[in-house]
Each structure stands twice: as C-alpha cells, then as structure tokens.
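**Student:** sequence plus the predicted model coming up.
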There are 2 protein chains.
Amino acid sequence: MTSSETAPPPSAAPVVILVGTQMAENVGAAMRAMANFGLRRLRLVDPREPFPNDKAIAMASGSDAILDPVETFPTLEAALSGLNTVFATTARAHDIAKPVVSPATAAPLLRAAIDRGEAVGLVFGRERNGLTSDEVGLADAILTIPIDPAFPSLNLGQAVLTVAYEWRKVVIGDTAWTPFPEKERSPLASKDDVLGFFGHLETALDTVEFFRPPEKRGSMVRNLRSIFQKARLTEQEVRSLRGVLSALERRPTRPTAARHAHRNVEPKGGEGGDEG
Amino acid sequence: MTSSETAPPPSAAPVVILVGTQMAENVGAAMRAMANFGLRRLRLVDPREPFPNDKAIAMASGSDAILDPVETFPTLEAALSGLNTVFATTARAHDIAKPVVSPATAAPLLRAAIDRGEAVGLVFGRERNGLTSDEVGLADAILTIPIDPAFPSLNLGQAVLTVAYEWRKVVIGDTAWTPFPEKERSPLASKDDVLGFFGHLETALDTVEFFRPPEKRGSMVRNLRSIFQKARLTEQEVRSLRGVLSALERRPTRPTAARHAHRNVEPKGGEGGDEG
C-alpha cells in the first residue's frame, strides 16, 4: 500500500543543499542516496572540487541521470533562492535558539510545508566542520540525527541518506510498506487437514511404539502437535508432510504393517503427498 | 529522553553478517554505519578481499576500534552459529514464502527477540547479486528497504545504515529524540510585556501618522501585532525590540516630539531596551 496518488511529485520534494563539500565522492554518495529515496534536486555551495566531477559521477552510480541538473552557488544565501522553509542538519549544538528536530520528526513537518505549497530545503555542512553558526542561523530549524554518542562521526552521504529515508517513509505513508510483497502463500490448511495429518502421524508412531511410557502419550502428543501448529501449515505443506511420513513408514527396517496404518486417517481428498 | 536504562547492552544488539562482499571499502562503510547506530558485532562470509584490510580500515574511519573483532566464516551456515533469529535483507523478491518486513517493522521485532534472550542476526548479500535463494532460505524473515523503484540500487553500507538506524531508534525508544537539546530559550515574555511593546510601537506609529486612513487603524494594528505574536517573543526579545524602536524614534529626521511619546506605555519594569 502506498499513498502515491496523494504524494507530492518528486519535483516538490525537498532540495538538498551541500555546503563546502571537500570530497567529490561525497557529493556522488549524496546523489545516490537522494535518488534511492525520491529526492531529485541538489544544490552545491562552493564545493572544493567543482561539479561535474568524475569521482562524483562514479560514486553517483547512475543517479546523476535521474536527478535534476546539479546547481552550484557561491554562498548559502544564494543557494536558498526561491525556498521558503529550510532545515539545517548539524551534528553538534549551536548557540542558536531554534527548534531542534530528529529526522523522524522533521519528515512530516517537511511534507506538511510542501503540501502548503512551500519550497523546502535541507542543508548539510562540510565533512569536517559542518555548518557555521551564521549558516545555521539562516535556517528555520535544526535537524540532527540520533547517532550513538560513542561514535558520532557520520559520513555526509549517510547523513543525507538518513534524512532522505525518513522523507521517503512519509511520502509512502506506511512505515510497513515493502517494495515487493510477501510471496503469496498457498492457502492455509483447514483444521480437518491438520488433524488428519496429526492422526496419520500418531497412528504411525503408535505402530512403532514411540509413545513410552503409555501414560505420557497425552502430553507427548500435545507437544508434537504444538510443533506443527506453530508452523501454520498450508494445504500444500500438509500434503508434503503426509508424503514424508508415508515414505518413512515404508522404511524396510520397520514392520510392513505400519505401511498402511495411516489409511484410517486419510484426508478427505485422498491425497497422500508424493506417494504412489 | 532515552530509554537507555532499559535498553539492551550493545553486546545484545543484532549481529551483522555480510555475505560475499566484493569490495573491502564496503565492509568499512558498513562498520562505520554500525558504529554510528550502536551495532558492534560483524561477521563476514567468504569476502573476496580478506579482512583485516587497509581499504576497509580507512573507510571504517576509526569505527574498527569500537566494534568487536570482526569474524570471518566460509559459509553463511557457519556464520549463523549461536544465533536464534535471523533476518535476511534483500532488494528483490525471492520465491520463498517468508514474512517480508520493512526496517521500521523489523526493528521492534528484533528488539523483542533480544528482550526474550534470543541472539539475532541481520544478513546482507553481495553488492551485485545479493543473497542466493538458499541463503535467504536460512532466514526467519526477509527484510527489505522501501527504496524508490525509480532508482533501486542501494549501496551495501547504506543498506546497513538504514537497518542500523531503525534499530537505534527502537533502542532510544523515542523517535523525536535528538542527541543535543534545543538551546534553552530565555523565558517567554508575559502578555503584559508583549502588550507593553505593542503600545510602545503603536504610539510611536501614531506620532508619525503611520496609520492612514484612520478608519483602517484597527485592522493595521491587528496585522502588525500578528507578526510579532507569531514570533512567540521571549522577555529578552521584547527588550531588544523596545531598544530598536527607541533608537528609531530618535532618528534626527523625525520630529523630536516623537522621542518621548512612548513613555506613556513604559512596561512595568521601566526597561527601555538598550537606550540610555
């Protein structure tokens, strides 16, 4: 299930702004992360290695073909052109009184802003030093990632990924959504079929005197049944298990009498798995 | 706010298992992502470039020092040693009937398993080909990332990051948590102070005959007040604004009569901002 009918088009998704990137590879990694999660517009502020750049394109792994053309600006102020609402991503506190939000909190706020018709930007700072306080001061809110304080050094591409991923979840509108569904299971076995299998199994085990001492039979049967009930057997799986059981019953070391004992509890359809 | 008192120790976090990695850099990127979000145990299955490896250590950016020693196994079966519950991450459907879950769905399930005392593993496949169906068959569930079908090529390190990030959010127990708090704001201004400022402003504007035509004064005042009410002014900000206003009132081009007009609406404390 997706809410794609009501989701904003990718052109209305947040613009990503990378300030003062030092390594072109990180620009490429950010591009790939953006493309993975539905972001299309990238602006660079004064990158140390100009874009386009071979190292960036190699790391982008083809995502440059689906992003809008990357734009470069001399300052963050210039790169904010046309935007209404801007969140600055920082790893450390700045002495600035602004709302501080996690990616999971930010994503629905960004979505709501876009739904109101605002143009939204996400600003990320330099690999080593992040954003200056003046740059953070240009934003409406501070976005920070709930990283483990034991190892707080988050790669730029991975910071972009984390925020883009939360954006994507909000666009999808269902945190349980998966890009492919569970394989359609064959229908669950009816209780008749399951009880038919239990009868087959227990008759076969009675034949080989498995339940010893006899007074333990009741609890032993309950424990065995429990194993197969936890598996939530399908019709096909019951047929397979009956085939397995029939095959084992034909083992030459067992009395041949056991071979037909289960006929009493044959399931309605008369199928015996792979036997015959 | 964190639930760290009740969180499982890092030693009880999921084990990450990377199967058949082709590039050592991707092992290093996965290590860094694990360390960022509180995972500590990495197992490699038949990596093409053996570990330890200089390229992996460079990409790990120091995270190798806080992870447990990385272990290498010849097969996935061997790497599952000691684990009870295993999720396999795949980007494409396999013809296997198993639960298919998103990272957001998986994380609380993994946490619940660990809280029950189970040892949990997260399996990731080869960069190019992912996991074989036999390898997926060893898992209890399939984990898949809600990637944009328009660009579904997710880097291995970023796949690990996405799953580790959701794990971290469950450990923290509060999706709104941030590693540093909002800067403590100075106390919000009382309505007395805000109304005192409005009186100051409106008296100053009356003096310069700003409100024209006079019959529009009511709506013009309401609109101006609305600007400052949206800002949720602090006590300090009201003082600053009164200082700004007083400074402007002293402009030599204005009649000097305006200079003391606001004295009538001086706030209780008698503070005039930075003036004097």
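**Tutor:** That came through, no problem.

**Student:** spatially nearest residue to residue A:232 (excluding sequence neighbours)?
**Tutor:** residue A:188 (6.4 Å; Cβ to Cβ, 6 or more residues apart in numbering or on different chains). (C-beta placed from N, C-alpha, C; glycine too.)

**Student:** what's the spacing between the one you found and residue A:196?
**Tutor:** In this view, residue A:188 and residue A:196 are 14 Å apart by Cβ to Cβ, to the nearest Å.

**Student:** compare neighbour counts for those two and give me the winner.
**Tutor:** Each of residue A:188 and residue A:196 has its neighbours counted (other Cβ atoms under 10 Å in any protein chain shown); residue A:196 has more, 20 against 14.

**Student:** got the phi and psi for that one?
**Tutor:** Backbone dihedrals for residue A:196, given as degrees, to the nearest 10, come out at phi -60, psi -40.

**Student:** just the pLDDT for it.
**Tutor:** We have a pLDDT of 96 for residue A:196.

**Student:** and the one 3 residues further on, by the same measure?
**Tutor:** Listed pLDDT for residue A:199 reads 96.

**Student:** is it in a helix, a strand, or coil?
**Tutor:** helix (DSSP: H, G, I helix; E, B strand; the rest coil).

**Student:** separation between it and chain B?
**Tutor:** 25 Å (Cβ to the nearest Cβ, to the nearest Å).

**Student:** try residue A:80
**Tutor:** Taken as Cβ to the nearest Cβ, the span from residue A:80 to chain B is 20 Å.

**Student:** again, but for residue A:184
**Tutor:** 8 Å.

**Student:** could you do residue A:40 as well?
**Tutor:** Taking Cβ to the nearest Cβ, one finds residue A:40 at 9 Å from chain B.

**Student:** right, and that residue touches residue A:14 too?
**Tutor:** No. Counting by Cβ atoms under 8 Å, residue A:40 does not reach residue A:14; the two are 9.7 Å apart.

**Student:** now the strands: where do they sit in chain A?
**Tutor:** A:15-19, A:41-45, A:71-73, A:85-89, A:100-101, A:120-124, A:141-143 (DSSP state E).

**Student:** burial check on the closest residue to residue A:160 other than its chain neighbours, number of neighbours?
**Tutor:** Excluding the flanking residues, the one nearest residue A:160 by Cβ to Cβ, 6+ apart is residue A:30, at 4.3 Å. Neighbourhood size, residue A:30 [other Cβ under 10 Å]: 29.

**Student:** now swap in residue A:58 and tell me
**Tutor:** Residue A:58: 11 neighbours (other Cβ under 10 Å).

**Student:** repeat for residue A:193
**Tutor:** 21.

**Student:** chain B versus that one, what's the distance?
**Tutor:** 17 Å.

**Student:** isn't that residue up against residue A:238?
**Tutor:** Yes. Counting by Cβ under 8 Å, residue A:238 is a contact partner of residue A:193 at 4.8 Å.

**Student:** can you pull the contacts of residue A:63?
**Tutor:** A:31-32, A:34-36, B:151, B:153 (Cβ atoms under 8 Å, 6 or more residues apart in numbering or on different chains).

**Student:** separate out the buried members of these.
**Tutor:** Buried residues within these, defined by neighbour count using 16 or more other Cβ atoms under 10 Å in any protein chain shown: A:31-32, A:34-36, B:151.

**Student:** which one of those residues is nearest residue A:167?
**Tutor:** For the buried ones among the contacts of residue A:63, the closest approach to residue A:167 (Cβ to Cβ) belongs to residue A:34, at 9.6 Å.

**Student:** got the contact list for residue A:228?
**Tutor:** Contacts of residue A:228 (Cβ under 8 Å, 6+ apart): A:194, A:197-198, A:241.

**Student:** would you turn those into a markdown table with neighbour count?
**Tutor:** Below are these laid out as a markdown table (neighbours: other Cβ atoms under 10 Å in any protein chain shown):
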| residue | neighbour count |
| --- | --- |
| A:194 | 22 |
| A:197 | 24 |
| A:198 | 18 |
| A:241 | 19 |
